[in-house]
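Below are the sequence and a predicted model for it; my questions follow.
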Amino acid sequence: MNSSLNNFFKEERKRVFEPGPYFAQRVMAAVSQAVPTVWDVIPRAMRPIMALSLILLFGVLSVQIILPAEPAGTVGPIMVVVGQDLTQAEQRFYLDPNGPSDELDDLNLLGLTP
Amino acid sequence: MNFDRELIVRAQAGDREAQESLVKIFSPMVFRLISRFFRSREDVEDLAQDVFVKMFGRIDQVRPDENFPGWLQRVAVNTCYDELRKTRRRRTAMETFGPREVTEGIVQPEEPKDFGKARLALQALDPKLRIPLILKEVEEMSVEEIARTLSITETNVKVRLFRARKKLAASLGDEKK
């Protein structure tokens, strides 16, 4: 390194600011005014876990929002074709989301109609 | 540095007297360190205050056997690094070896012409290179101490020092042409 640079660094060593007489009070006032954020309150070791949980939560929520929910109780194109060959009791059994409604339907399906 | 480690335990428990004592004991060290990177007294005071506010915010992380002055040095250097990066982006006059035109209006003692060139060459350096160089050349830290302070490997420090010196030599060489 050239000598002018070395001299410059030597000069820089002499350039030092000293704290003023009220600096400590100023710091203490700033410390008492500092409001901790939610992130500060969480212990450091917990922060990555919290961050990961938040990312997963937002991910799931955005998937829920972006992907359209399948409407409940609707008959799809396959069932429309297949459904033509089913009896009324079988249709109720397969297509009714609440399942067979009564004992008579069950007996119909089993061919045990009285 | 001699100090009562009991002060840290008391400060961790929220004892304001102990906290104030810690500020009084360590403020000269923090001021000296920040002075290496910033030239205006106001900047140095503001940053030193930030360092102590951060220190009290994280003081519960300090282990009883930890080198407290070293830990505080790390907080101070990281604060300077963040500020230098911000000021570098904003390109304001607060930057370390500030632009000459900003200080023209302020009465300053005369300095040799070469020093001005050196200041400008250092100003052009990336804080990533400037900080290790100043810690080595001005603060006279060892490579090991710099590595510990910046939380990087010794090899990384050596690489940064080499690049900083090379860039400085190139820019000072260009000035002479």
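Perfect, thanks for sending it. Numbering: from 1, shown residues only, chains lettered A, B, ... in the order given.

Which residues outside the top helix by length along chain A are in contact with it?
When chain A is scanned for its longest helix (criterion: DSSP state H), the result is helix A:47-66. Outside of helix A:47-66, the residues within contact range by C-beta atoms under 8 Å, 6 or more residues apart in numbering or on different chains are A:39, A:42. For every residue, glycine as well, the C-beta is placed using N, CA and C.

Check which residues of the helix or strand hosting residue B:157 are buried.
Residue B:157 belongs to helix B:154-176 when elements are defined using DSSP states H and E. Residues of helix B:154-176 classed as buried under the neighbour-count rule (16 or more other C-beta atoms under 10 Å in any protein chain shown) are B:156-157, B:160-161, B:163-165, B:167-168, B:171-172.

now could you export just the CA positions of the longest helix of chain A as PDB?
Output of helix A:47-66 as PDB, limited to C-alpha atoms (Å, rounded to 0.1, in the frame of the first residue of the first chain):
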ATOM      1  CA  ARG A  47     -38.900 -16.800  15.200                       C
ATOM      2  CA  PRO A  48     -38.100 -19.200  12.400                       C
ATOM      3  CA  ILE A  49     -40.900 -21.500  13.600                       C
ATOM      4  CA  MET A  50     -43.300 -18.600  13.700                       C
ATOM      5  CA  ALA A  51     -42.200 -17.400  10.200                       C
ATOM      6  CA  LEU A  52     -42.700 -20.900   8.800                       C
ATOM      7  CA  SER A  53     -46.100 -21.300  10.400                       C
ATOM      8  CA  LEU A  54     -47.200 -17.900   9.000                       C
ATOM      9  CA  ILE A  55     -45.900 -18.800   5.500                       C
ATOM     10  CA  LEU A  56     -47.800 -22.100   5.600                       C
ATOM     11  CA  LEU A  57     -51.000 -20.400   6.900                       C
ATOM     12  CA  PHE A  58     -50.900 -17.800   4.200                       C
ATOM     13  CA  GLY A  59     -50.100 -20.500   1.600                       C
ATOM     14  CA  VAL A  60     -53.200 -22.600   2.700                       C
ATOM     15  CA  LEU A  61     -55.400 -19.500   2.800                       C
ATOM     16  CA  SER A  62     -54.300 -18.300  -0.700                       C
ATOM     17  CA  VAL A  63     -54.900 -21.800  -2.100                       C
ATOM     18  CA  GLN A  64     -58.300 -21.800  -0.500                       C
ATOM     19  CA  ILE A  65     -59.100 -18.400  -2.100                       C
ATOM     20  CA  ILE A  66     -57.500 -19.000  -5.500                       C
END
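
Check which residues of the helix or strand that that helix is followed by are buried.
Sequence order places helix A:77-83 as the next helix or strand after helix A:47-66, per DSSP H and E. Judged by neighbour count using 16+ other C-beta under 10 Å, helix A:77-83 contains no buried positions.
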